[in-house]
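Participant: next comes the sequence, and after it the predicted model I'd like to discuss.
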Amino acid sequence: MRKPSFLVCLWLLIFGICVRAEENKKTVQQPNILVILVDDLGYGDLSSYGAKDLQTPNIDSLMDAGMRFDQFYANCPVCSPTRAALLSGRYPDLVGVPGVIRTHPADSWGYLDPTAKMLPEQLKSAGYHNALIGKWHLGLESPNTPTERGFDFFHGFLGDMMDDYYNHRRHGKHYMRRNRDPIHPVGHATDLFSQWASDYILEQKDQQKPFFLYLAYNAPHTPIQPPDAWYQRVKARETNITDRRAKLVALIEHMDYGIGTVIEALQVSNQLKETLIIFTSDNGGQLNVGAHCGPFRGGKQDMYEGGIIVPACAVWPGVIEPGGRSDQLLMAMDIYPTLCEVAGKPISTQVEGQSFLSTLRGEKSPQRTRDMVWVRREGNMRYQGRDYYAFRRGNWKLVQNSPFTPYEIYNIEKDPRETTDLSKDNPGIHRMLVRDLMDHIQEAGRVDWQKP
C-alpha cells in the first residue's frame, strides 16, 4: 500500500485541527445558556410586575434588557411537575411526575421516567457543558440524580423544601451534594447558590465549550427565612408593612441581590454578551405567607391563574431587542425545544413543548393554537391521592380546583380574574373541554409514576 504524500498528510493535519477548533469554539449562534428558576414567586411580587413595597432592581434589569412575557405559565401550581416539564419538554404527568416528589414514599406523588430524554442530555450532544446549581427536586437516589440525568456538574440540594435555609435539611436528612458527594456548607442557601453559580461562571471563562447553567433557587419558598439584616431593612423602609409580608419581601430582595451577583460574574468574565438568560418561577406565590399574585385569583396549589401564571423574561444581547414585551401563550416546557433550537440540536424525542425562538428573535411567526393542560396529584385529606386539573383552549379555560368539586369554565380574555363560572351557560363548550381533557388523562394513565 502506498503511503500518503507529505502534502496529503499536511492537509489532513490542518483539516483535523480546523474541525476540532470549529467543534470547540463558542459562537454567537451557540451561546452560553443560563436558566434561572425561582421557587414560588408570585406574578405580583416583582417591582417590574407592580409590587409597590418591594425592590428587585436586578430582576427588573433583566426584564428591561430583553423580552418580558406577560402570559407565561408554569406547568403546574407546585414544584416538581414544573421542573420535570422544563427539563423534559413534556407535560409532567407524561414523564411520571404528576405531583410532588418527597422524602417519604407514602407522601411522594411522582417518579421521573428513567427513559425521558432530559434537556442537559440534548445539549451535551450539541457540545455544551451542563451544570445544575441549587434545587433539583426530581429524585433523591439513583437513577434520578442530576449527574445521572445529563448534568456534568451538580452543586446543590437534592430534595424538595429545606426546613431551614441555614442547616439545609429536610425531615432531619441532609441533601446538600457536590456531584454525588455529601457536603456541609455554612451559610444561607440563597447566598450559597449565588456564590456557587458565580464561581462556575468564572471557571467557564477560558473553557472552549459553551455552558448550560440551570440555577434553581429554593427562595422564596417556605420557610420564609431572610437574613435578619434584610428583614430589618424592609421594616425600616416600608412603615406600613406587616411582619409577615416584610419577611417575604426581604427573602425576595435577598434573592434578587444574589441574582445580581451572578449577572455580575457574567459581566466581569466578559461572557454576558454571549449568554442567553431565561428567568421564571416554578409556580405562583403562596398566599398564606404574604405572596401577591398580581390581579389574579388564587396562588400556589390553585389551578386558577394566580397559581400557574408566572413572571418570565429572556435576555440575549445582540439577538433579543431590549424592552420587548410578548403576550404569546407559553409554558415552562417550551424552554426545552427553544434551547435545543438555540444550540442547533434537532430534538431526538417526543415533546409537547414548542420553541419560541422566533419570538425571541423578533420574527413574525404564524399564530399557533394548542390546548394547554395542567394536572396535579396530591395526598393528605384535602386531596386524598387524587388529581385535579385545568385545561385551556383559546380563551376558554376549564378549571377543577379540587378533586371533589365540579369543573368550572371561564373566558380568560374577558374574565382574567375568573370571577364568573360560565359552565351552565355554555354546556356544549363545557362537555367538549371535559371530553378532550379526558384524552390527555388516558394518555397519562399509561405512564407509571411510582418508584419500582
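Facilitator: Great, that's in hand. Numbers count the residues shown, from 1 in each chain.
Participant: measure residue 207 to residue 127 for me?
Facilitator: Distance of residue 207 to residue 127, given as C-beta to C-beta, to the nearest Å: 11 Å. For the C-beta atoms, the positions are set from N, CA and C on the backbone; glycine is no exception.
Participant: who's more crowded, the two?
Facilitator: Counted by other C-beta atoms under 10 Å, residue 207 and residue 127 do not tie: residue 127 has more neighbours, with 17 against 12.
Participant: the more buried one against residue 208, yeah?
Facilitator: No: the criterion here is C-beta atoms under 8 Å, and residue 127 misses it with residue 208 at 9.1 Å.
Participant: count of neighbours near residue 85?
Facilitator: So residue 85, with other C-beta under 10 Å, has 29 neighbours.
Participant: ok, now the one 4 residues further on?
Facilitator: When counting by other C-beta under 10 Å, one arrives at 30 neighbours for residue 89.
Participant: quick one, what contacts it?
Facilitator: Contacts for residue 89 were tallied using C-beta atoms under 8 Å, 6 or more residues apart in numbering; they are 119, 333, 334, 335, 336, 337, 340, 347, 349, 351, 352, 353.
Participant: try it again at 7 Å.
Facilitator: Contact analysis of residue 89 by C-beta atoms under 7 Å, 6 or more residues apart in numbering lists 333, 336, 337, 351, 353.
Participant: of all pairs in those, which one is the farthest apart?
Facilitator: 333 and 337 (8.3 Å; C-beta to C-beta).
Participant: give me the more crowded residue out of these two.
Facilitator: residue 333 (28 against 21).
Participant: correct me if wrong: the more buried one contacts residue 74.
Facilitator: No: contact between residue 333 and residue 74 fails when scored by C-beta atoms under 7 Å: they sit 9.7 Å apart.
Participant: in terms of pLDDT, where does residue 448 sit?
Facilitator: Residue 448 carries a pLDDT value of 94.
Participant: so who does residue 269 touch?
Facilitator: 201, 202, 205.
Participant: mind checking which of these are buried?
Facilitator: residue 201 (16 or more other C-beta atoms under 10 Å).
Participant: would you list the contacts of residue 269 in TSV and tack on secondary structure, pLDDT and distance to residue 443?
Facilitator: Formatted as TSV, those follow (DSSP: H, G, I helix; E, B strand; the rest coil; pLDDT from 0 to 100; distance: C-beta to C-beta, whole Å):
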residue	secondary structure	pLDDT	distance to residue 443
201	helix	98	40
202	helix	98	45
205	coil	95	45
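Participant: mean confidence for stretch 59-78?
Facilitator: Here the average pLDDT along stretch 59-78 is 98.
Participant: please name the bridge partners of residue 310.
Facilitator: residue 72 (DSSP bridges).
Participant: out of the contacts of residue 89, who's nearest residue 407?
Facilitator: For the contacts of residue 89, the minimum distance to residue 407 (C-beta to C-beta) is 23.2 Å, reached by residue 333.
Participant: what about that closest one, which SS state?
Facilitator: helix (DSSP: H, G, I helix; E, B strand; the rest coil).
Participant: next up, the contacts around it.
Facilitator: 75, 85, 86, 89, 90, 91, 352, 353.
Participant: tell me the one of the contacts of residue 269 nearest residue 417?
Facilitator: residue 201 (40.3 Å).
Participant: can you tell me the element the residue nearest to the closest one when sequence neighbours are not counted falls in?
Facilitator: Among residues not flanking residue 201 along the chain, residue 265 sits closest, at 4.3 Å (C-beta to C-beta, 6 or more residues apart in numbering). Element membership for residue 265, per DSSP states H and E: helix 243-268.
Participant: what packs against that helix?
Facilitator: helix 57-65, helix 189-203, helix 228-237 (3 or more C-beta pairs under 7 Å, 6 or more residues apart in numbering; DSSP states H and E).
Participant: between helix 189-203 and that helix, find me the angle.
Facilitator: 10 degrees (axes from the mean of the first three to the mean of the last three C-alpha atoms, to 10 degrees).
Participant: average pLDDT across helix 243-268?
Facilitator: 98.
Participant: likewise stretch 313-322?
Facilitator: 97.
Participant: with stretch 273-286 instead?
Facilitator: 98.
Participant: can you show me the helices along the stretch 251-400 of the chain?
Facilitator: 305-308, 335-343, 357-360, 380-383 (DSSP state H, counting those that start in this stretch).
Participant: re the thing from before, now, the contacts of residue 333 that are in helices?
Facilitator: Among those, the members falling in helices (DSSP state H) are 85, 86.
Participant: would you list the contacts of residue 333 in TSV and tack on distance to residue 160?
Facilitator: Written out in TSV, the entries for these read as follows (distance: C-beta to C-beta, whole Å):
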residue	distance to residue 160
75	17
85	16
86	16
89	22
90	21
91	20
352	25
353	24
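Participant: looking at the contacts of residue 333, spot the one nearest residue 287.
Facilitator: residue 75 (20.1 Å).
Participant: please report how far the residue lying closest to the closest one once chain neighbours are set aside lies from residue 296.
Facilitator: With sequence-adjacent residues excluded and distances taken as C-beta to C-beta, 6+ apart, residue 75 is closest to residue 85, at 3.6 Å. Look at residue 85 and residue 296: by C-beta to C-beta, they are 20 Å apart.
Participant: likewise for residue 236?
Facilitator: Counting by C-beta to C-beta, the gap from residue 236 to residue 296 is 31 Å.
Participant: so between these two, which is more surrounded?
Facilitator: residue 296 (21 against 9).
Participant: and the more buried one, what is it in contact with?
Facilitator: 43, 304, 305, 306, 309, 416, 417.
Participant: pretty sure residue 443 is in a helix, no?
Facilitator: Yes: assessed with three-state DSSP, residue 443 lies in a helix.
Participant: just name the shakiest helix or strand of the protein by mean pLDDT.
Facilitator: helix 6-24 (a mean of 37; mean pLDDT, DSSP states H and E).
Participant: after it, which helix or strand is next? Please name it.
Facilitator: That would be, after helix 6-24 and using DSSP H and E, strand 32-38.
Participant: what packs against that next one?
Facilitator: strand 211-216, strand 275-281, helix 335-343.
Participant: give me the contact list for that strand.
Facilitator: Taking C-beta under 7 Å, 6+ apart as the rule, strand 32-38 contacts 86, 210-217, 219, 255, 259, 271, 274-282, 335, 339, 342.
Participant: listing partners with orientation, what would you give for that strand?
Facilitator: Sheet pairing for strand 32-38, using DSSP bridges, gives strand 211-216 (parallel), strand 275-281 (parallel).
Participant: how far off centre is the first one?
Facilitator: What separates the centre of strand 211-216 from the centre of its chain is 11 Å, taken as C-alpha atoms, centre = their mean, to the nearest Å.
Participant: which parts of that strand are buried?
Facilitator: Those buried within strand 211-216 under the rule 16+ other C-beta under 10 Å are 211, 212, 213, 214, 215, 216.
Participant: center of the chain, which residue is that?
Facilitator: Centroid-nearest residue in the chain: residue 37, 4.3 Å away (criterion: C-alpha atoms, centre = their mean).
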